[in-house]
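A.B. asks: structure here, sequence nowhere to be found:
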């Protein structure tokens, strides 16, 4: 397998892990309406369409969706995501 292909595969697997962690956390905390608002904010924040947000962008998405995370909650999410 070419190194570039291996890197792309690794990136895809990392994104799947990230999505799984975020969805699990959010499924415990959000109503369907809040989830839709947050999803829209994630899409807006990802202006390069690369699927990657900085910790600050990630946090800002919650704020713009009127969902305040406690610092502990943000730390838990970002640690779990490897941010």
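C.D. replies: Here it is on my side, so go on. Computed from a predicted structure; not experimentally measured.

A.B. asks: check the offset of the helix ranked longest in the chain from the chain's centre.
C.D. replies: For the chain, the longest helix by residue count, based on DSSP state H, is helix 3-29. Relative to the centre of its chain, helix 3-29 is centred 9 Å away, using Cα atoms, centre = their mean, to the nearest Å.

A.B. asks: that helix - what's its average pLDDT?
C.D. replies: For helix 3-29, mean pLDDT is 74.

A.B. asks: burial measure for residue 52, as a count.
C.D. replies: By the criterion of other Cβ atoms under 10 Å, residue 52 has 14 neighbours. Every residue, glycine included, has its C-beta placed from N, CA and C.

A.B. asks: likewise for residue 38?
C.D. replies: The number of residues packed near residue 38 is 20, by other Cβ under 10 Å.

A.B. asks: check which helices and strands the helix or strand following the longest helix of the chain sits against.
C.D. replies: Later in the chain than helix 3-29, the nearest helix or strand by DSSP states H and E is helix 32-45. Judged by 3 or more Cβ pairs under 8 Å, 6 or more residues apart in numbering; DSSP states H and E, helix 32-45 is in contact with helix 55-64.

A.B. asks: and the helix it packs on with helix 3-29, angle?
C.D. replies: 30 degrees (axes from the mean of the first three to the mean of the last three Cα atoms, to 10 degrees).

A.B. asks: now the element after helix 55-64, going C-ward?
C.D. replies: Counting by DSSP H and E, the next helix or strand C-terminal to helix 55-64 is helix 71-81.

A.B. asks: in that following helix, what counts as buried?
C.D. replies: Counting neighbours by 16 or more other Cβ atoms under 10 Å, one finds that the buried residues in helix 71-81 are 74, 77, 81.
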